[in-house]
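Undergrad: This is a predicted model, with the sequence first.
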Amino acid sequence: MRRNHTRRRQRKPVELLLVPMIDIFVVLVTFLLMTAVFSRITILELDLPSSASKAVTTPAFRLEVIVRQQGLELTNGSALIARIPNLDGEYDLKSLSTLALSLKRDYPDASAASVLLEPEIEYDHLIQVMDAIRTAEPPAAEPPPAEPIEVAKLAAARPRIALFTDIAVGDAP
């Protein structure tokens, strides 16, 4: 019995091997970076319309788009320019973009616009209206091609026109 005690091995202190764990983390980080979707974030600077008079001269024309449940109203701040009723329960953004393009031709120096919302209007509608008055496609001079074209090539062939880029957001009257 005494023999067994003497033959017993001496225990070595336990070592923690970090190399396999580092290898796993390197593979995990590489995998996450390769599969990550890098989205483009666009930041648009907005102004809040103020009712107080300022010392700054006001532009000759300022487009106001009032988003209502029934449709869209375009004004110049005091006079009604046009009413665009909803089509099939949706806002007619194509007509809005066409009217904004027409107004930009009439007032080429104007770049200010206000989007005024009624309560209970969804945020997505605000973004769509802002996009419709901010830029527009130029009118088509030639008929569309008969063969299919990729969307990226079509967008590169027809650049968008900047319309009313200084947008303020507020509550509808």
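TA: Arrived safely, thanks for sending.

Undergrad: for the chain, what helix or strand is lowest in average pLDDT?
TA: Least confident element among the helices and strands of the chain, by mean pLDDT, DSSP states H and E: helix 151-157 (a mean of 54).

Undergrad: so the nearest residue to residue 80 once chain neighbours are set aside is in which element?
TA: In space, and not counting its chain neighbours, residue 80 is closest to residue 73: 6.5 Å by CB to CB, 6 or more residues apart in numbering. Any C-beta I mention is one placed from the backbone N, CA and C, and that applies to glycine too. Under the criterion of DSSP states H and E, residue 73 resides in strand 71-75.

Undergrad: Give me the sheet partners of that strand and which way each runs.
TA: When pairing is defined by DSSP bridges, strand 71-75 lines up against strand 63-67 (antiparallel), strand 80-85 (antiparallel).

Undergrad: Show the model's pLDDT score for residue 41.
TA: Predicted confidence (pLDDT) for residue 41: 61.

Undergrad: let me fix that: residue 56
TA: For residue 56, pLDDT reads 55.

Undergrad: likewise residue 8?
TA: pLDDT, residue 8: 65.

Undergrad: now the one 4 residues further on
TA: The predicted local distance difference test score for residue 12 is 79.

Undergrad: Repeat that for residue 5.
TA: Residue 5 is given a pLDDT of 56.

Undergrad: ok, back up a step: tell me the contacts of the residue nearest to residue 80?
TA: If you count contacts by CB atoms under 8 Å, 6 or more residues apart in numbering, residue 73 has them with 65, 66, 80, 82, 83, 84.

Undergrad: Then residue 118?
TA: 66, 67, 68, 69, 171, 172.

Undergrad: that older thread, for residue 138, find the nearest of the strands paired with strand 71-75.
TA: Among the strands paired with strand 71-75, strand 63-67 comes nearest to residue 138, with 19.0 Å by CB to CB.

Undergrad: quick revisit: of the contacts of residue 118, which pair is most distant in space?
TA: Maximum distance among the contacts of residue 118 (CB to CB): 14.2 Å, for 69 and 171.
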